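S.K.: Take this sequence and fold it.
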Amino acid sequence: MQSLWMLVASFLFSIMGVGVKLASAHFSVAEIVACRGIIGMLTLGLWIRWHGGTLRTSMAAHHLWRGAVGVAALWLWFYAISQLPLAMAVTLNYMSPIWIAAILLVLAWRRRERGFDPRLIAAILCGFGGVVLLLRPSIHADQLFGGVLALFSGMLAALAYLQVREMGLRGEPEYRVVFYFSLTCAMAGLVGSVLMPTQQASLLTHWRSIDLHGVGLLVLIGLTATSAQIAMTRAYRLGNTLLTANLQYAGIVFSSVWDVLLWHDSLAPLSWLGIAVIVLSGLAATFYNSRIAAASAAASPVS
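M.R.: Model prediction:
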């Protein structure tokens, strides 16, 4: 099932998160975003040259919209992480599947379409309930602004994901979508590196002091982010939108495992219960989606 590419993407994104967590001690967010975009562009450029692809597109406006919304979501989320406890920022950002379900439901209602299975929406809601159990967030009055930004980043991410799916349905290949998003990241990150002050060692002014460890982290972030973007784009292009959105919750599970292995953070029993709920909601969504697909195939006339 093509939606399972989201599991690959979630795993790679979790590795990218480890790299970002380590690199943030040496580089600003803008510099990390810029390097992620530049490395992605170089990697995809080599791939396109090797496989004979092309960057010519008839969907420039779609790429511009997807890039702008995606980078804005990324930037807001990173800012929210700096203002909030990580658990709270991640939980609020992972509202994006709920936003996707809500947007698709409203669109289906306006078009008076049928066949929008509420059980898939229920599976996504259960998945988010598992995220809450896993992270157990709480918000205070002085953190309200950061919480609103994290929530807004989830909504922007949902819009970006839906745009990715629309572009895929119109025949835009994954590598082209990811290349132009990487281009947007590189441009936005470079502009931010120049305009925004930073306390970390700047790549632009202190590049001689950057060691191989820092370079390795940036390369790791760029390669895993690019590969994850390709896998995610394939999942949204070829898979079921809501199932794909639900499977992205696996990223929380992978990130929790990295916390245990690398930083020796112990998980409470309630957290493991949250992981179980996330996995079960993904299995339920897979089951219902398979039944819908089978029923649709059975109802289709044989030509």
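S.K.: CA only for contacts and neighbour counts going forward, please
M.R.: OK.
S.K.: Break down the stretch 51-200 of the chain into its helices, ranges please.
M.R.: For the stretch 51-200 of the chain, applying DSSP state H, counting those that start in this stretch gives helices covering 60-83, 86-93, 96-110, 118-135, 144-169, 174-195.
S.K.: Same question for the stretch 201-303 of the chain.
M.R.: Counting by DSSP H, counting those that start in this stretch, the segments of the stretch 201-303 of the chain that form helices are 212-238, 241-247, 250-263, 269-299.
S.K.: Of all those, which one comes closest to L190?
M.R.: Minimum separation from L190 across the helices of the stretch 201-303 of the chain (C-alpha to C-alpha) falls at helix 212-238, 14.5 Å.
S.K.: okay, the angle between the closest one and helix 144-169?
M.R.: Between helix 212-238 and helix 144-169, the angle comes out at 60 degrees (axes from the mean of the first three to the mean of the last three C-alpha atoms, to 10 degrees).
S.K.: Let me have the helices of the stretch 51-200 of the chain in a markdown table, extended by mean neighbour count and mean pLDDT.
M.R.: Output for the helices of the stretch 51-200 of the chain, formatted as a markdown table (neighbours: other C-alpha atoms under 10 Å; pLDDT from 0 to 100):
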| stretch | mean neighbour count | mean pLDDT |
| --- | --- | --- |
| helix 60-83 | 19 | 85 |
| helix 86-93 | 22 | 70 |
| helix 96-110 | 18 | 74 |
| helix 118-135 | 22 | 79 |
| helix 144-169 | 22 | 84 |
| helix 174-195 | 22 | 89 |
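S.K.: thinking again about what came up before, comparing the helices of the stretch 201-303 of the chain, which stretch has the densest surroundings?
M.R.: The highest mean neighbour count among the helices of the stretch 201-303 of the chain, using mean count of other C-alpha atoms under 10 Å, belongs to helix 241-247: a mean of 26.
S.K.: elements contacting that helix?
M.R.: Under the contact criterion of 3 or more C-alpha pairs under 8 Å, 6 or more residues apart in numbering; DSSP states H and E, helix 241-247 touches helix 5-23, helix 96-110, helix 118-135, helix 269-299.
S.K.: hmm, who's touching stretch 57-67?
M.R.: With contacts defined as C-alpha atoms under 8 Å, 6 or more residues apart in numbering, stretch 57-67 is touched by 160, 163-164, 167, 172, 177, 180-181, 184-185.
S.K.: from these, which is closest to A235?
M.R.: V164 (9.8 Å).
S.K.: Relative to I230, how far out is that closest one?
M.R.: 11 Å (C-alpha to C-alpha, to the nearest Å).
S.K.: what's the answer for L22, then?
M.R.: Relative to I230, L22 is positioned 24 Å away (C-alpha to C-alpha).
S.K.: cool, W99 as well?
M.R.: 22 Å.
S.K.: What of W47?
M.R.: To I230, W47 is 12 Å away according to C-alpha to C-alpha.
S.K.: cool, H63 as well?
M.R.: In this view, H63 and I230 are 15 Å apart by C-alpha to C-alpha.
S.K.: got the contact list for the closest residue to L22 other than its chain neighbours?
M.R.: Nearest residue to L22, sequence neighbours excluded (C-alpha to C-alpha, 6 or more residues apart in numbering): L217, at 7.5 Å. Contact partners of L217, counting by C-alpha under 8 Å, 6+ apart, are 19-20, 22-23.
S.K.: Give the buried subset of those as a PyMOL selection command.
M.R.: Buried residues within those, by 16 or more other C-alpha atoms under 10 Å, are selected in PyMOL with:
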select buried, resi 19+20+23
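S.K.: Could you save the contacts of L217 as a markdown table and add columns showing distance to H51 and pLDDT?
M.R.: As requested, the contacts of L217 are exported to a markdown table (distance: C-alpha to C-alpha, whole Å; pLDDT from 0 to 100):
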| residue | distance to H51 | pLDDT |
| --- | --- | --- |
| G19 | 29 | 86 |
| V20 | 30 | 81 |
| L22 | 34 | 84 |
| A23 | 32 | 83 |
